[in-house]
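In: compute the structure for the input listed below.
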Amino acid sequence: MTATITLTLFLLSISMTLVTTYTKGILPILRSIIHDFSLGALLFVYMTLNGVVLGVLTAIDYRVYYAAPGDDSIRAATLVGMMLRYLLILITSIIIVYVQCRVESHRQQAQEFELSANTDPMTSLLNRRGVEAMLEKALKNFDKSDAIQGALFILDLDHFKSINDNLGHPMGDALIIRAANDIKSVFRESDFVGRLGGDEFIVYMPGKYGIDLVEAKAKALNEKLQYTYGTPTGLKIHITTSIGVALFPACGTDYKTLYHASDTALYTTKQNGRNNYTIVHSIGEVAKV
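Out: Just a heads-up that it's a prediction; the model follows:
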């Protein structure tokens, strides 16, 4: 017959706030530890033969104590061991939950920071940084066909400076927010709408479609983004919109090149009297402008 030695190790920091009595049957050394409010490291070695407990070795504070079968100390030590085991499981569970909560909190904070770093605070649209980051990813997916696979719009509000000069910056801010909402209403939820700064906006419309849809969106923007304001002196300020559009991938396969093409088209619109749109279909066409 083979004797089996079962080893259970518990490392536990015990902090007691109130102990007034001793429990009968507990090893004297355990009573001393509890009474002195000390930090204990408990090591129980259960010696069994065919499932029958032969005795318990208890190591506490570098001292080893032996309890024979039938000794109340065995039951006391076993009870303490069970309590410590469940307490250790509880403490471990609490630590795991705490760590998971902290990780989730840091992840949410990182997401919120990333969102705030990429969002225009006035309009809640993407800011310049956010637009660049989103488009750099979006422009990586395209095929080598001649089909239109996206369109980049750049918009400027014509005569916006007159609003700030005559009606004040709060009215100018209100106009920016109004224009942002109107631009969003023209496009889909899946399209990227951003504010580059001041009265300049940008929209990227991904997908395969015909030139008719691009022209329809540009016309809708020209019709939607028209506002008239009156000044205290009776002056009427008419706000219109100039638009430049570049087709993807014919006008560029990266953000910088595509933006340059759209900006060039916008410049052409302004040179030709504003309140209109210009679409460039290829890099070669951009070079001619």
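In: ok, then the element right after whatever helix or strand Phe153 lives in?
Out: Using DSSP states H and E, Phe153 maps to strand 150-158. As assigned by DSSP H and E, the chain's next helix or strand after strand 150-158 is helix 160-167.
In: tell me the phi and psi of Val245?
Out: Torsion angles at Val245 (phi, psi; degrees, to the nearest 10) stand at phi -130, psi 140.
In: can you give me the pLDDT of it?
Out: pLDDT for Val245: 97.
In: count of neighbours near it?
Out: Residues lying near Val245 (other CB atoms under 10 Å) number 28. All C-beta atoms are positioned from the backbone trio N, CA, C, and that covers glycine.
In: adjust the sequence numbering to begin at 460 for everything that follows.
Out: Got it, first residue is 460 now, which makes that one Val704.
In: element containing Arg654?
Out: Secondary structure (DSSP H and E) places Arg654 in strand 651-656.
In: who does the helix or strand following that strand pair up with?
Out: Following strand 651-656 in sequence order, the next helix or strand is strand 659-665 (DSSP H and E). Strand pairing for strand 659-665, determined by DSSP bridges: strand 609-617 (antiparallel), strand 651-656 (antiparallel).
In: now do strand 659-665 and helix 619-626, the angle between them.
Out: Angle, strand 659-665 to helix 619-626, by axes from the mean of the first three to the mean of the last three CA atoms, to 10 degrees: 140 degrees.
In: restricting to C-alpha, output strand 659-665 in PDB.
Out: This file holds the C-alpha atoms of strand 659-665, laid out as PDB (Å, rounded to 0.1, in the frame of the first residue of the first chain):
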ATOM      1  CA  GLU A 659     -14.200  74.700 -45.600                       C
ATOM      2  CA  PHE A 660     -15.800  71.200 -45.600                       C
ATOM      3  CA  ILE A 661     -14.900  67.900 -47.200                       C
ATOM      4  CA  VAL A 662     -16.900  64.800 -48.100                       C
ATOM      5  CA  TYR A 663     -15.800  61.500 -49.500                       C
ATOM      6  CA  MET A 664     -18.500  59.300 -51.100                       C
ATOM      7  CA  PRO A 665     -17.200  55.800 -51.600                       C
END
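In: right, and the helix or strand after that strand?
Out: That would be, after strand 659-665 and using DSSP H and E, helix 670-683.
In: now for that following helix, which elements pack on it?
Out: strand 609-617, helix 628-645, strand 695-707, strand 736-739 (3 or more CB pairs under 8 Å, 6 or more residues apart in numbering; DSSP states H and E).
In: for the helix or strand following it, packing partners?
Out: As assigned by DSSP H and E, the chain's next helix or strand after helix 670-683 is strand 686-689. Of the remaining helices and strands, those touching strand 686-689 by 3+ CB pairs under 8 Å, 6+ apart are helix 628-645, strand 695-707.
In: same thing but at 6 Å, please
Out: strand 695-707 (3 or more CB pairs under 6 Å, 6 or more residues apart in numbering; DSSP states H and E).
In: report the angle between the strand it packs on and helix 628-645.
Out: Strand 695-707 and helix 628-645 are oriented at 40 degrees to each other (the same axes, to 10 degrees).
In: quick one, the next helix or strand after strand 695-707 and strand 695-707 angle?
Out: Per DSSP H and E, the first helix or strand lying C-terminal to strand 695-707 is helix 714-730. On the basis of the same axes, to 10 degrees, helix 714-730 is oriented at 140 degrees to strand 695-707.
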